[in-house]
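Asker: got a predicted model here, sequence first, then my questions.
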Amino acid sequence: MHIVADENIPLLDEFLAGFGRLTRLPGRLIDHTSVKDADVLLVRSVTKVSAAMLVGTPVRFVGTCTIGTDHLDLPGLAAAGVEVASAPGCNARGVVEYVLSCLLTLSERSASAWQDKTVGIVGVGEVGSRLACTLQALGIKTLLCDPPRAEQDADGMITLDELISRCDVISCHVPLTSDGPHATHHLLNEQRLAALRPGAWLINSSRGPVIDNTALNTVLAQRPDLLVALDVWETEPLVDPQLAARCVLATPHIAGYSLDGKLRGTAQIYQALCRFLDIPATLALEQLAPRTGAGTWIMEPGPPADWLLSKALRQVYDVRDDDARLRAMVAAAESEQASREGFDRLRKDYPLRRECNLLRISTATSEPQVARRLLAAGFVSDDES
Ligand SMILES: NC(=O)c1ccc[n+]([C@@H]2O[C@H](COP(=O)([O-])OP(=O)(O)OC[C@H]3O[C@@H](n4cnc5c(N)ncnc54)[C@H](O)[C@@H]3O)[C@@H](O)[C@H]2O)c1
Ligand SMILES: O=C(O)[C@H](O)[C@H](O)COP(=O)(O)O
């Protein structure tokens, strides 16, 4: 069997030992020629895979080690009889930590307490539901918008326009879709961006085109009161320098880039491939990459939730580091091509980042009330997932 894979998928040699020939390529360069004699194609979000790309090739399985699937022509691949698998939820924890770090930084930048904010979550799936659980356990009020789930009788959802009118913070966690009644392309258009409350915070770690970036640039020129954190960009891998300058936080699509999330993604695709090949999945992630502890935490005085967010998480992940690296890259880029390459390099050479375990931290720091709230809100430690 011949497997062609994005070079940025970790642990593939270990998981796929004995499966056959493994060819690794830069994700953005994988095309029809790359897969002309491949049986399996494993990608990340930067490789667009259409049915046309696979015509005349023996590819029968496409796996994306990511949550998002908007880079795959799902209907076309299904019609062509190609089996497709993704890695739902693999890096959801990392995105939650990214958002928490944004909240802390935006709070410090605006000198307004994050505890007093009402956070609107757009898209309440793997990421949005974990974020809601965590914020509720930390005592932060959340409002939820997810029409597809509302249609499935999920309660407590409100419309996007109502969310925008009632929330101080909007965080986007929807897939990028262009068709159907709940299409998310330019979901936040100029009208909705202009309707954001005075001093509102907007965080996008879903996909760039969910927010109309041209409209955002225009609105931000007129609304310096808005604080924006963008991890995803409509023109990725090119970042609009003017838009980045108008954001408080600008990062290179790394919200989910914890090592844990990447490894879970590989493990999930390994399991899906084994199911497709009807062979037992004999390897588990814990065998190949033992989990590290949450580390030791020095309890500091102050409200536990505040300490947990402001100190513990900062020891695990600080979004300001990624913001500084992206801004330095954009400033140094002497051409748009250099900027595109710099964006990809920041992601390829991303520093080691392990997820923290809020439940274990709050327990370890004898903060039973926070641990109890996390448990009560359905937040579970990552040990079993
Ligand atoms: N920046 C990153 O590193 C990063 C990491 C992980 C995921 N993502 C992106 O975030 C997206 C969400 O991740 P997830 O794991 O929560 O996906 P998910 O599929 O579990 O949840 C998405 C939710 O959005 C809802 N939804 C769909 N259309 C909607 C609309 N118009 N309005 C409101 N809600 C809508 C769905 O019903 C679903 O509940 C992914 O599709 C991916 O594109 C980005
Ligand atoms: O969809 C996802 O899982 C995330 O957006 C993830 O960050 C994509 O990472 P990439 O495949 O671009 O390396």
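Answerer: Arrived safely, thanks for sending. Ligands and ions are numbered 1, 2, ... in the order given.

Asker: the stretch 201-350 of the chain against ligand 2: which residues are in contact?
Answerer: Contact residues (Cβ under 6 Å from any ligand atom) of the stretch 201-350 of the chain with ligand 2: 253, 256-257. C-beta coordinates here come from the backbone N, C-alpha and C atoms, glycine included.

Asker: let me know the closest of those to residue 115.
Answerer: Ranked by distance to residue 115 (Cβ to Cβ), those are led by residue 256 at 25.7 Å.

Asker: list the contacts of that closest one.
Answerer: Contacts for residue 256 were tallied using Cβ atoms under 8 Å, 6 or more residues apart in numbering; they are 67, 90-92, 94-95, 98, 205.

Asker: next: residue 262.
Answerer: Listed by Cβ under 8 Å, 6+ apart, the contact set of residue 262 reads 9-10, 65, 90-91.

Asker: which residues of the stretch 251-385 of the chain score low on pLDDT?
Answerer: Judged against pLDDT under 70, the low-scoring parts of the stretch 251-385 of the chain cover residues 290-312, 357-385.

Asker: could you pull out the strands for this structure?
Answerer: Residue ranges of the strands in the chain, as given by DSSP state E, are 2-6, 21-25, 40-43, 61-64, 83-85, 118-122, 141-145, 169-172, 201-204, 227-230, 249-250.

Asker: in the stretch 51-200 of the chain, which residue sits closest to ligand 1?
Answerer: For the stretch 51-200 of the chain and ligand 1, the shortest gap (Cβ to the nearest ligand atom) falls at residue 125, measuring 1.8 Å.

Asker: what residue, apart from its backbone neighbours, is nearest that residue spatially?
Answerer: Once flanking residues are discounted, residue 125 sits nearest to residue 173: 6.8 Å by Cβ to Cβ, 6 or more residues apart in numbering.

Asker: ok, back up a step: of the contacts of residue 256 - the most surrounded one?
Answerer: In terms of neighbour count, residue 98 stands highest of those at 29 neighbours, by other Cβ atoms under 10 Å.

Asker: that one contacts residue 205, correct?
Answerer: Yes: look at residue 98 against residue 205 with Cβ atoms under 8 Å: they come within range, at 5.8 Å.

Asker: okay, and the common contacts of the two?
Answerer: Jointly contacting residue 98 and residue 205 under the rule Cβ under 8 Å, 6+ apart are 231, 255-256.

Asker: which single one of the contacts of residue 256 is nearest to residue 183?
Answerer: Sorting these by distance to residue 183 puts residue 67 at the head of the list, at 18.4 Å, by Cβ to Cβ.

Asker: pull the contacting residues for the closest one.
Answerer: Under the criterion of Cβ under 8 Å, 6+ apart, the neighbours of residue 67 are 86-92, 126-127, 256.

Asker: dump the residues you listed to a markdown table, plus distance to residue 178.
Answerer: Output for the contacts of residue 67, formatted as a markdown table (distance: Cβ to Cβ, whole Å):
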| residue | distance to residue 178 |
| --- | --- |
| 86 | 18 |
| 87 | 22 |
| 88 | 20 |
| 89 | 23 |
| 90 | 24 |
| 91 | 23 |
| 92 | 23 |
| 126 | 21 |
| 127 | 20 |
| 256 | 22 |
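
Asker: looking at those, which are in helices?
Answerer: Judged by DSSP state H, the contacts of residue 67 include 92, 126-127 as members of helices.

Asker: close to ligand 1: what parts of the stretch 201-350 of the chain are there?
Answerer: Counting by Cβ under 6 Å from any ligand atom, the positions of the stretch 201-350 of the chain adjacent to ligand 1 are 205-207, 231-232, 253, 255-256.

Asker: of those residues, which is the nearest to residue 336?
Answerer: Distance to residue 336 across these (Cβ to Cβ) is lowest for residue 253, with 17.1 Å.

Asker: list the contacts of the closest one.
Answerer: 45, 231-233, 236, 343, 347.

Asker: send the alpha carbons of stretch 275-284 over as CSV?
Answerer: Taking only C-alpha atoms (Å, rounded to 0.1, in the frame of the first residue of the first chain), the coordinates of stretch 275-284 have been written out as CSV:
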residue,chain,number,x,y,z
ARG,A,275,-11.6,0.5,10.4
PHE,A,276,-11.5,1.1,6.6
LEU,A,277,-8.9,-1.6,6.1
ASP,A,278,-10.8,-3.9,8.5
ILE,A,279,-7.7,-4.6,10.6
PRO,A,280,-7.4,-4.2,14.4
ALA,A,281,-6.1,-0.9,15.6
THR,A,282,-3.4,-2.3,17.9
LEU,A,283,-1.7,0.9,18.9
ALA,A,284,-2.9,3.5,21.4
